[in-house]
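**Student:** show me the folded form of this:
(4 chains)
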Amino acid sequence: MHTVKVMFFATLRDYVGAKSVELEIPVQTTILGLTELLIKRYPGLEKVKDSMMAAINREYAANEQVIPEKAEIAFFPPVSGG
Amino acid sequence: MHTVKVMFFATLRDYVGAKSVELEIPVQTTILGLTELLIKRYPGLEKVKDSMMAAINREYAANEQVIPEKAEIAFFPPVSGG
Amino acid sequence: MEYPTVISLNESELDLDALLAQITLPTTGACAIFTGMVRGQTLRGDAHDTAYLEYEGYQPMAESKMRQVAEEIRQKWPSIEGIAIVQRIGRLYPGTPTTLIACTAAHRNTGVFEAAHYGIDRLKEIVPVWKKEIGSQGEEWVEGNYHPKPGE
Amino acid sequence: MEYPTVISLNESELDLDALLAQITLPTTGACAIFTGMVRGQTLRGDAHDTAYLEYEGYQPMAESKMRQVAEEIRQKWPSIEGIAIVQRIGRLYPGTPTTLIACTAAHRNTGVFEAAHYGIDRLKEIVPVWKKEIGSQGEEWVEGNYHPKPGE
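**Tutor:** Presented below is the predicted three-dimensional model:
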């Protein structure tokens, strides 16, 4: 197990009800694994799981990517700046 | 005969040595006619006559265009603003 | 000669003249700038009025992606000299400029327009910033539709 | 809604933020701006340094031709909302913006970039303004190469 910081932005923060959480996750957990874990904990995320994007250490990450130790993870909807 | 105001800009003003002159010209004088008249008076214009542009009342004018009474005439080289 | 890259994500008002001065070198003769502002009235699509927008960003990743956009521009248009990429966050009212992409070069026909256009397109694709629209119909998050590839 | 057209030929410093505000309507969401500045060092072609430029204009005709450029833009890109066309005259030093073309619209993909690009190209073709370059080699009038057709 190791600890990661997970941040949420925009709609996802509203669904989770927090800007960030610290979680204990098994080593070798992937983004997909973490997503499933989060949906269990915050069922509101279920309906947006297909459009959710993930970043590991400030880079866009794929579902199958393994989360390294002390990673900074972020989940958010497609961006809409400008 | 009628009187026209003729203005010169940029290099042409340097060749003529004046910003503007008032001239008496015969009715039905064209831009080409006026150009020849000016070259006689200001021989420095001879070498730039092919690139000289003319405007009658603030519109680009052709050589064969007849100069109307009380016209505001301008001669200048190709523009270089920006 | 070091080519300047100005990146900024904050709540401060945009100052176009100051930004332009920051990316003007002795060799610079041309600049193309794109700036976007809050529309009070939108007519295209779902016509509606906007009272204000509330922007938020994932600050460190947004700055890193803005820097990446600048690098992509330099790759594609090597004649570009200075680049400024700015995104305002916080509450922004109609008429207010919210973002700016400016690219300078020696001459106007070596890519400044295309580079600025590319810059705003990429900012709207990969820079993690979101806006919530507040109007007479209540408030609603605006959602983009681009999904960057891993590492993009 | 009246669409604003700002035309200016004078010696005053350019104020980009103020000009942008003048051409921003409640429906405006995008602006493309071109601005040109005096180059201190020119590397392309005959490489040389410039101490300053001295601009002069045929004021009433220049203003009328700037207005014509704005009308041509509106004909070609009907979605354009506001247009600003500015040319400074007088003595201008390296780094100083000398001209500006800005076009606004509701959205960024309906011609603002193309309109601003067209605007500066046309300004350099038909607006009667000339510049003299003063450098270490002495002073020299810069000459364009476009010959407008009668009535153009």
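
**Student:** hey, where'd the helices end up in chain A?
**Tutor:** A:11-16, A:31-41 (DSSP state H).

**Student:** deepest-packed of those helices, please.
**Tutor:** With neighbours taken as mean count of other Cβ atoms under 10 Å in any protein chain shown, those reach their highest mean count in helix A:11-16, at a mean of 18. (C-beta placed from N, C-alpha, C; glycine too.)

**Student:** avg pLDDT for it?
**Tutor:** Averaging pLDDT along helix A:11-16 gives 96.

**Student:** residues in contact with that helix?
**Tutor:** Contact with helix A:11-16 is made by A:8, A:19, A:38, A:42, A:44-45, A:48, A:52, A:75-77, C:141, C:143, as judged by Cβ atoms under 8 Å, 6 or more residues apart in numbering or on different chains.

**Student:** do you know the pLDDT at the residue of chain A at minimum distance from chain B?
**Tutor:** Nearest to chain B, among the residues of chain A, is residue A:82, at 29.6 Å (Cβ to the nearest Cβ). With respect to pLDDT, residue A:82 has a value of 97.

**Student:** can you give me the strands for the chain?
**Tutor:** Because you didn't say which chain, this covers chain A. With strands called from DSSP state E, chain A shows them at A:2-8, A:20-25, A:53-56, A:59-61, A:72-76.

**Student:** my question was about chain C
**Tutor:** C:5-10, C:30-37, C:41-42, C:48-49, C:52-57, C:83-88, C:90-92, C:97-105, C:129-135, C:138-142.

**Student:** name the helices or strands packed onto the last one?
**Tutor:** With contacts defined as 3 or more Cβ pairs under 8 Å, 6 or more residues apart in numbering or on different chains; DSSP states H and E, the packing partners of strand C:138-142 are strand C:129-135.

**Student:** can the strand it packs on be found next to chain A?
**Tutor:** Yes: Strand C:129-135 comes into contact with chain A (Cβ under 8 Å from any Cβ of the partner chain), by way of C:129-132.

**Student:** quick revisit: now the contacts of helix A:11-16 as CSV including pLDDT?
**Tutor:** Below are these laid out as CSV (pLDDT from 0 to 100):
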residue, pLDDT
A:8, 98
A:19, 97
A:38, 97
A:42, 96
A:44, 93
A:45, 96
A:48, 94
A:52, 96
A:75, 98
A:76, 98
A:77, 97
C:141, 96
C:143, 91
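
**Student:** pull out the buried members of those.
**Tutor:** Among the contacts of helix A:11-16, the ones that count as buried by 16 or more other Cβ atoms under 10 Å in any protein chain shown are A:8, A:38, A:42, A:45, A:52, A:75-77, C:141.

**Student:** which residues does the residue lying closest to residue A:67 once chain neighbours are set aside contact?
**Tutor:** Closest residue to residue A:67 apart from its sequence neighbours, by Cβ to Cβ, 6 or more residues apart in numbering or on different chains: residue A:29 at 5.3 Å. Under the criterion of Cβ under 8 Å, 6+ apart, the neighbours of residue A:29 are A:37, A:66-67.

**Student:** closest one of these to residue C:57?
**Tutor:** Among the contacts of residue A:29, residue A:67 lies closest to residue C:57 (Cβ to Cβ), at 22.8 Å.

**Student:** from memory the closest one sits against residue A:54, does it?
**Tutor:** No: if you go by Cβ atoms under 8 Å, residue A:67 and residue A:54 don't touch, sitting 9.4 Å apart.

**Student:** who touches both of these two?
**Tutor:** Here residue A:67 and residue A:54 have A:31, A:34, A:73 as joint contacts, going by Cβ under 8 Å, 6+ apart.

**Student:** ok, the first one to chain C distance?
**Tutor:** Right, the one you point to is residue A:31. In this view, residue A:31 and chain C are 9 Å apart by Cβ to the nearest Cβ, to the nearest Å.

**Student:** leaving out sequence neighbours, find the closest residue to that residue.
**Tutor:** residue A:54 (4.7 Å).

**Student:** who's in contact with that neighbour?
**Tutor:** A:31, A:34-35, A:60-61, A:63, A:73-75.

**Student:** for it, give me the pLDDT.
**Tutor:** Residue A:54 is assigned a pLDDT of 98 by the prediction.

**Student:** which residues pair with it across the strands?
**Tutor:** residue A:61, residue A:75 (DSSP bridges).

**Student:** just give me the neighbour total for the residue in chain C that chain B sits nearest to.
**Tutor:** Proximity of chain C to chain B (Cβ to the nearest Cβ) peaks at residue C:108, 8.4 Å away. Residue C:108: 20 surrounding residues under other Cβ atoms under 10 Å in any protein chain shown.

**Student:** from what I see, it and residue D:36 are in contact.
**Tutor:** Yes: judged on Cβ under 8 Å, residue C:108 makes contact with residue D:36 at a distance of 6.8 Å.

**Student:** between the two, what contacts are shared?
**Tutor:** Counting by Cβ under 8 Å, 6+ apart, the residues touching both residue C:108 and residue D:36 are C:29-30, D:120.
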